[in-house]
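**Q** A structural model of the following input is requested.
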Amino acid sequence: MNDYIVRATAADAQIRAFACSTRGVAEAARQAHNTSPVVTAALGRLLSAGAMMGSMLKGEKDLLTLQIKGDGPIQGLTVTADSLGNVKGYANVSDVILPANAVGKLDVAGAVGHGTLSVIKDMGLKEPYVGQTLLQTSEIAEDLTYYFATSEQVPSSVGLGVLMNRDNTVKQAGGFILQLMPFAADEVIDRLEQNLNKVTSVTSLLDAGNTPEQMLEILLEGLNPEMNDTLSVNFSCNCNRKKIEKVLISLGKQEIKDMIDDGQEIEVNCHFCNTHYKFSVDELKELYKKSR
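**A** Residues are numbered from 1 along each chain as shown. Take a look at the predicted model:
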């Protein structure tokens, strides 16, 4: 099954809802960055959140960046998504190994540590919108729930999960975001809370074979959910050789001359997808001619 997001409303538009299945995205990120299981879980959760929050953007060129900076061994995570279902991301340290937490799960909170969550929305204006909150649990879902409530004043419930196979590949990944509109009635809020209390985890829903639509049917039971549309999700990076050349040219003549004088080919890596770009001395000389 391909990865996708379903967007829905419920209770006569008193609730807007998103759910996604992102196993392929999380696995693509794991392969690209050779992440350890706990890093795969952390990055996979943030990729799911990024994809769903990206789908909330209005313009085709709008971009969302989620950035976590923490004092744990991962040090930080960065995910970027657009409104079309394209998402990419990386962890600052990809090979963190930690013992399981107190309930026998991957210790994402321990790997992330204490720190901040930043949400950056670039919507083509002079300055991007930046919202920042302190991490509450460092489990990522609860931190985003807190962000929505404090920075955007939108009462929300966020669930995210990644389940690993014994061979450390991704078995399940996905999540949901449920948001209450300002006019939501008390009985709607009460019913939603009752439904949420019945759900143990996102991964248990996915591992039971539920699609994103079925996840929302469970979460919004008794609230007349209406599925509006779906959006494919892909781990996709827009880097290419031309863009890397422009970055090198922007370094200026002296920097490029120093590289040429070293007499060695250089290698440039893309943080987001870990693609390697190599440039020979002759190619550097061509870039030198184009630089200032």
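**Q** all contacts plus neighbour counts: C-alpha atoms, from now on.
**A** OK.
**Q** ok, now how distant is residue 212 from residue 188?
**A** When distance is defined by C-alpha to C-alpha, to the nearest Å, residue 212 is 21 Å away from residue 188.
**Q** more crowded one of these two?
**A** Using other C-alpha atoms under 10 Å as the criterion, residue 212 and residue 188 rank with residue 212 on top: 25 against 18.
**Q** With residue 276 as the reference, measure out to that one.
**A** 35 Å.
**Q** Also residue 115?
**A** For residue 115, the distance to residue 276 (C-alpha to C-alpha) stands at 31 Å.
**Q** Between these two, which is the more surrounded one?
**A** residue 115 (18 against 11).
**Q** contacting residues around stretch 17-24?
**A** Stretch 17-24 is touched from outside by 2-10, 48, 52, 162, 170-179, 206, 211-213, 215-216, 233-235, with contacts defined as C-alpha atoms under 8 Å, 6 or more residues apart in numbering.
**Q** Between the two ends of stretch 70-80, what distance do you get?
**A** Start-to-end, stretch 70-80 (C-alpha to C-alpha) is 18 Å.
**Q** Only the buried residues of it, if you could.
**A** Across stretch 70-80, burial judged by 16 or more other C-alpha atoms under 10 Å covers 70, 72, 73, 74, 75, 76, 77, 78, 79, 80.
**Q** Keep only those of the residues you listed that are in strands.
**A** 70, 76, 77, 78, 79, 80 (DSSP state E).
**Q** now the residues you listed as a markdown table including distance to residue 124 and pLDDT?
**A** Below are these laid out as a markdown table (distance: C-alpha to C-alpha, whole Å; pLDDT from 0 to 100):
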| residue | distance to residue 124 | pLDDT |
| --- | --- | --- |
| 70 | 29 | 96 |
| 76 | 26 | 95 |
| 77 | 24 | 97 |
| 78 | 20 | 96 |
| 79 | 19 | 96 |
| 80 | 15 | 96 |
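**Q** Which of those residues sits closest to residue 257?
**A** Proximity of those to residue 257 (C-alpha to C-alpha) peaks at residue 78, which lies at 32.1 Å.
**Q** now the closest one, which residues is it bridged with?
**A** Taking DSSP bridges as the rule, residue 78 bridges to residue 67, residue 90.
**Q** Could you verify my assumption that it touches residue 70?
**A** No. Residue 78 is beyond contact range of residue 70, at 11.6 Å (criterion: C-alpha atoms under 8 Å).
**Q** Tell me where the protein has helices.
**A** Assigned by DSSP state H, the chain shows helices spanning 23-33, 37-54, 108-112, 141-151, 186-198, 202-207, 212-219, 241-250, 253-262, 281-290.
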